[in-house]
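With the sequence up front, the predicted model follows.
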Amino acid sequence: MVRKLTLEDLNEAARLGGPSTLSEKTLLEPAAGKEGVVAPAKYTAGRAATYIFEDRYIDGKAVHTVLIDSRTSQSNRLEEYIMQAIKDGHPVFSRMPRIKVTYKAADELGNMIERSYLDIQLPHRAFDAHFRIGTVNGIPASEFPEYVQARNSTADDMMPLFELSPVTVAFGGWDSTRKKNQLRIASSFNGEIIGVLANQDDGRPVFRAGARVDPVAASIKFSTSDAKKIGKIVEPEVSKNLKDKFEKEGKGSAIGLGAIPPSSEETNYDGIAVSDIIRTHVLSFSTLRALRFGKGREGDESVRVLVAAMIINAMAGSNAELNLRANCLLRESERPTTILDKRFGESEELSMITLDDADVLFEQAYEQAHAKAGVDWHGQVLEVEGNPLVMKSGSDDEDNE
């Protein structure tokens, strides 16, 4: 009978010489069954999109695989769960300190709108430029004492950053634009999803694109004068590049008018057949043990345990939803396998970590860190006012630079 992961397991892992990793493996399959295809992540190669094909060593033999979800993407999915948990009032995550930047600007119709983003959402977390070029109570954020102290954190004392942005400590960050005192934190989490190609001799992607039917007219082409009239109507809601292209060519398809026939050109990657799909998550206790928080041995260990429990909770939350992307509908084909490293080649299989179990563990870890290291989470938010020049200069056109 396998047992559950306990707080004492994490306490042992936080000490020098403890377990190196906690790993989780889940076997998945297309929701439509083995005969279904899945859409892996696409990557840009020049102007075309492509999949990432790799050789992996699985069950004692080398096989051809495709990358379905990358390490970065899996990490982002854990952070998305944390973001939703905060919104839903999770008993621990909702109290976790965070940084928020808020932009205020007028929309195309002149209405004032506000958009806010947390450190969990931004790519560089606490070190993101959206924070650095903003202001806090009228003071440049780059000069605000609390933020400066966080950026001045060192490997020997990460506490100022942890008190401001725990997610940066948990998932890593690099203050790369600084002239000096650049803090670089490795992520303690690693995960990915790969698919073993069904055809090991020649893994052929499926090329096709969905059709669109317009019941009004299959093809709509405007004259130059009419295109300019329509252009004025859509101007408030489309990019300038799109408007200019539409007015020049007059093609209704540019703004969503007319039918689109199905296509099978070898630029329209739609999916690929796989025989097996494997998701792996790894929490590195060795990476966590490199972190120090200036709270003495027991205090530092308790903070490491809290970080570990945070990541484990996010793993369980992310596992609860297999929502990757369009045309990549998956389901679990077996119960996840959880392995705790015991050192010297030994390991122990634990029972699957459910969200309820992870919540209990997270609460226990927080109470321990509160008692031993003085960690005090009560929903602190460092409010940053976004620099208005960002909204003024921003564009949704990726080729705008």
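Thanks, I have the structure now. This is a predicted model, so every value here is computed, not measured. Numbers count the residues shown, from 1 in each chain.

Arg279: how many residues sit nearby?
Counted with other Cβ atoms under 10 Å, residues neighbouring Arg279 total 22. Where you see a C-beta, it was placed from the backbone N, CA and C, and this is true even at glycine.

Which strands border the one helix or strand it maps to, and is each parallel or antiparallel?
Here Arg279 sits within strand 269-284, counting by DSSP states H and E. In the sheet, strand 269-284 lines up against strand 21-30 (antiparallel), strand 37-38 (antiparallel), strand 189-197 (antiparallel), strand 206-207 (antiparallel) (DSSP bridges).

which one of those strands lies closest to Leu324?
When those are compared by Cβ to Cβ, strand 189-197 sits nearest Leu324, at 7.6 Å.

thinking again about what came up before, after the strand holding Arg279, next one along is what?
Defined by DSSP H and E, the subsequent element after strand 269-284 is helix 285-289.

hey, C-alpha coordinates of the following helix or strand past that next one in PDB?
Downstream of helix 285-289, the first helix or strand assigned by DSSP H and E is helix 296-319. Taking only C-alpha atoms (Å, rounded to 0.1, in the frame of the first residue of the first chain), the coordinates of helix 296-319 have been written out as PDB:
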ATOM      1  CA  GLY A 296      19.100  30.400  10.300                       C
ATOM      2  CA  ARG A 297      19.200  26.700   9.400                       C
ATOM      3  CA  GLU A 298      15.700  25.700  10.600                       C
ATOM      4  CA  GLY A 299      14.100  29.000   9.300                       C
ATOM      5  CA  ASP A 300      15.600  28.600   5.900                       C
ATOM      6  CA  GLU A 301      14.500  25.000   5.700                       C
ATOM      7  CA  SER A 302      11.000  25.900   6.600                       C
ATOM      8  CA  VAL A 303      10.900  28.500   3.700                       C
ATOM      9  CA  ARG A 304      12.200  25.900   1.300                       C
ATOM     10  CA  VAL A 305       9.400  23.600   2.400                       C
ATOM     11  CA  LEU A 306       6.900  26.300   1.800                       C
ATOM     12  CA  VAL A 307       8.200  26.900  -1.800                       C
ATOM     13  CA  ALA A 308       8.100  23.200  -2.400                       C
ATOM     14  CA  ALA A 309       4.600  22.900  -1.200                       C
ATOM     15  CA  MET A 310       3.600  25.900  -3.400                       C
ATOM     16  CA  ILE A 311       5.000  24.200  -6.500                       C
ATOM     17  CA  ILE A 312       3.400  20.800  -5.600                       C
ATOM     18  CA  ASN A 313       0.000  22.500  -5.100                       C
ATOM     19  CA  ALA A 314       0.300  24.200  -8.500                       C
ATOM     20  CA  MET A 315       1.300  20.800 -10.100                       C
ATOM     21  CA  ALA A 316      -1.800  19.200  -8.700                       C
ATOM     22  CA  GLY A 317      -4.000  22.200  -9.800                       C
ATOM     23  CA  SER A 318      -2.500  22.100 -13.300                       C
ATOM     24  CA  ASN A 319      -3.000  18.300 -13.600                       C
END
